[in-house]
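**Q** build me a model:
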Amino acid sequence: MAILSTRESWGSVTRALHWLLALMIVGLATVGWYMKGLPNTPYKVSVYALHKSTGLTVLALMLARIAWRLYEGARPGAPPGMPAWQVHGAAVTHALLYLALVAMPISGWLFNSASNFPLRWFGLFAVPALGGPDPALKGAAGFAHWFLFWCIAALFTLHVAAALDHHFRIKDDVLRRMGWRGGAG
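**A** Residues are numbered from 1 along each chain as shown. As a prediction, this is how the structure comes out:
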C-alpha cells in the first residue's frame, strides 16, 4: 500500500489517521456520556483527565491530518457515475467534520481553562490554559462542546451511512478505498 494517496486509492497515512481518529472519537463520545454520571471521586477525576488528554490528542491528530491532506494533494476521485449532488454533499460533510473535530477539543480546552482546572497531557506535562477563570466563557465553551458533540454525531452518522450505502447498495469501491485491503490501486 502506498504512503501517499492517489486518484484511485487513499494512502496508508490517510487511512491510519482516518481509522485511528474514528476509534478515538467513538471512545471519547462513550467516555463523555459515561463520566457525566459518575459521583465526585478520584476515579471521576482520572476519567475526566483521560478524556481531556485524549481530546487534545484528537486535536493534534486532526491538525496533522489537515496538514497531511494539504501536503499530499492527490485524492481519490468520485466513482464513475456518482451524481454531482453526492460529490458536493461528501465534500461539505468532510469539511464540516474537519471543522467540528478541530473546534470540539478547543471548546473543551476553553471550558477547562475557564473553569480554572489544571490540565496535564496524560500526566506527562502541563498544558497551558487558554485564559483565566471566566464563568461566561465557561458557559459558552460548555454549550459549544455539547453542541459540537451533536454536530459530530450527526455528521459521523451521515458519513458512515453514506459509506455503507456505497458499499452494500451501490456496490462501488468508496468504502474499500479507505479499508486496509484497499480499492483500486
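**Q** quick check: buried residues in stretch 71-86?
**A** For stretch 71-86, a neighbour-count test (16 or more other C-beta atoms under 10 Å) marks 72, 76, 79, 86 as buried. Where you see a C-beta, it was placed from the backbone N, CA and C, and this is true even at glycine.
**Q** which of those residues fall in helices?
**A** Counting by DSSP state H, the buried residues of stretch 71-86 place 72, 86 in helices.
**Q** let me have the buried residues of stretch 71-86 in CSV, extended by distance to D134 and pLDDT.
**A** Below are the buried residues of stretch 71-86 laid out as CSV (distance: C-beta to C-beta, whole Å; pLDDT from 0 to 100):
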residue, distance to D134, pLDDT
E72, 40, 91
P76, 44, 79
P79, 49, 81
Q86, 43, 90
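**Q** excluding chain neighbours, what is closest to the residue positioned nearest the centre of the chain?
**A** Closest residue to the average C-alpha location of the chain: L101 at 4.3 Å, with C-alpha atoms, centre = their mean. Nearest residue to L101 in three dimensions, chain neighbours excluded: M62, at 4.9 Å (C-beta to C-beta, 6 or more residues apart in numbering).
**Q** try M1
**A** Nearest non-adjacent residue to M1 (C-beta to C-beta, 6+ apart): S12, at 4.8 Å.
**Q** okay, now the one you found: neighbour count?
**A** S12 has 15 neighbours, counted by other C-beta atoms under 10 Å.
**Q** many thanks, I have nothing further to ask.
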